[in-house]
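Peer 1: Take this sequence and fold it.
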Amino acid sequence: MHIIQKNFMPADLQPVLKKNNIDGCVLVQVDQTEDENIFQLKNASGYDFIKGVVGWVDLQAMDIGERLQHYQQFKKMKGFRHILQDEKDRALMLRPAFKRGIGLLNAYNFTYDILILPDQLQYNRELVKSFPDQRFVIDHIAKPDIKNKKINDWEKDMRALASYKNVYCKISGMVTEADWHHWNIKDFFPYLDIIVQTFGTKRIMFGSDWPVCLVAASYEQMMAIVQEYFSSFSENEQNDFFANNAIKFYNL
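Peer 2: Reported below is the predicted structural model:
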């Protein structure tokens, strides 16, 4: 992990995006503190290529409504995320207090990023079913075990989750779930086939997972995977995947 054990700032990302013909991006939280919201919103205000921020709030807090109202004043604050993948309680998202917080997001036009591992997919199906008007996006295709080519259980659960039309899927983070040093582009195609078949081309979006992706691939290598996969798709479908769907979902 030494390659990412340092600071990464907007000035580091800007030339990478320019080199890869990316006009803008959305920053997604890492630390589960509101201090990071302040930090990332400051970054976003200083750099026009940062089009939005996905932050963190304590969805189980009694004053969650007040906190959401507070963040409405920041035009680049687009939604929130909780690092559910690390929780000991794998079904934390089904706690009444957590669901109460989720239930308030739509009233303030905020999205919710779902960061989970495959064993939590079953619980998130119940979560998204409870809030049909809330916009959800699954981060990193729910991190299937690509390294060991495990796909069947993940596929079953993803197909079930994709049946809810308020759920999108972010195609990102795949290289970190593969063999970091010996992956091949074709390793990812069976997983991409399932995502595209189940979500269609209107509910998927490109995500870089930069700088975390650097443990297994450069930005260009990571980008090459989806560029090759989607090369046979129409220009409109590619534009939707790389830009339009994210613009619509996050209201950029």
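
Peer 1: Can you identify each of the strands in this structure by residue range?
Peer 2: Taking DSSP state E, the strands of the chain run over residues 25-28, 50-55, 77-82, 111-114, 136-138, 167-171, 204-206.

Peer 1: Could I get the contacting residues of the residue nearest to residue 28 when sequence neighbours are not counted?
Peer 2: Excluding the flanking residues, the one nearest residue 28 by Cβ to Cβ, 6 or more residues apart in numbering is residue 54, at 4.4 Å. From N, CA and C alone the C-beta is placed, and that goes for glycine too. Residue 54 makes contact with 26, 27, 28, 29, 78, 79, 80, 81, 111, 113, 250 under the criterion Cβ atoms under 8 Å, 6 or more residues apart in numbering.

Peer 1: Tell me the pLDDT of residue 54.
Peer 2: The model reports residue 54 with a pLDDT of 98.

Peer 1: Residue 45 too?
Peer 2: 97.

Peer 1: Spatially, what comes nearest to it if we skip its sequence neighbours?
Peer 2: residue 76 (7.2 Å).

Peer 1: Test my guess that the one you found contacts residue 47.
Peer 2: No - with contact defined as Cβ atoms under 8 Å, residue 76 does not count as touching residue 47 (10.3 Å).

Peer 1: what is the nearest residue to residue 112 once chain neighbours are set aside paired to in the beta sheet?
Peer 2: Spatially, and ignoring its direct neighbours in sequence, residue 112 is nearest to residue 136 (5.3 Å; Cβ to Cβ, 6+ apart). Beta bridges link residue 136 to residue 112, residue 167, judged by DSSP bridges.

Peer 1: pretty sure residue 136 is touching residue 116, no?
Peer 2: No - if you go by Cβ under 8 Å, residue 136 and residue 116 don't touch, sitting 11.1 Å apart.

Peer 1: And for the residue nearest to residue 112, the neighbour number?
Peer 2: Residue 136 is flanked by 22 other residues according to other Cβ atoms under 10 Å.

Peer 1: Need the per-residue pLDDT for it.
Peer 2: Value for residue 136, per-residue pLDDT: 98.

Peer 1: quick one: it from residue 166, how far?
Peer 2: Counting by Cβ to Cβ, to the nearest Å, the separation of residue 136 from residue 166 is 6 Å.

Peer 1: what sits in contact with each of these two?
Peer 2: residue 128.

Peer 1: Please identify which of the contacts of residue 54 is nearest to residue 88.
Peer 2: Set against residue 88, the nearest of the contacts of residue 54 by Cβ to Cβ is residue 81 (18.2 Å).

Peer 1: Run a quick neighbour tally on the closest one.
Peer 2: Residue 81 has 20 nearby residues by other Cβ under 10 Å.

Peer 1: Report the separation between the closest residue to residue 153 other than its chain neighbours and residue 94.
Peer 2: In space, and not counting its chain neighbours, residue 153 is closest to residue 118: 6.7 Å by Cβ to Cβ, 6+ apart. Residue 118 sits 17 Å away from residue 94, going by Cβ to Cβ.

Peer 1: Pick out whichever of those two has more residues nearby.
Peer 2: Between residue 118 and residue 94, residue 118 has the larger neighbour count (other Cβ under 10 Å), namely 20 against 14.

Peer 1: what's the more buried one in contact with, if anything?
Peer 2: 142, 143, 144, 145, 153, 154, 157.

Peer 1: These, buried ones only, as a PyMOL selection?
Peer 2: Filtering the contacts of residue 118 down to the buried ones (16 or more other Cβ atoms under 10 Å) takes a single PyMOL command:
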select buried, resi 142+143+144+154+157
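
Peer 1: Give me the below-cutoff pLDDT ranges for the stretch 101-250 of the chain.
Peer 2: Applying pLDDT under 70 to the stretch 101-250 of the chain flags no residue at all.

Peer 1: Alright, calling it a day.
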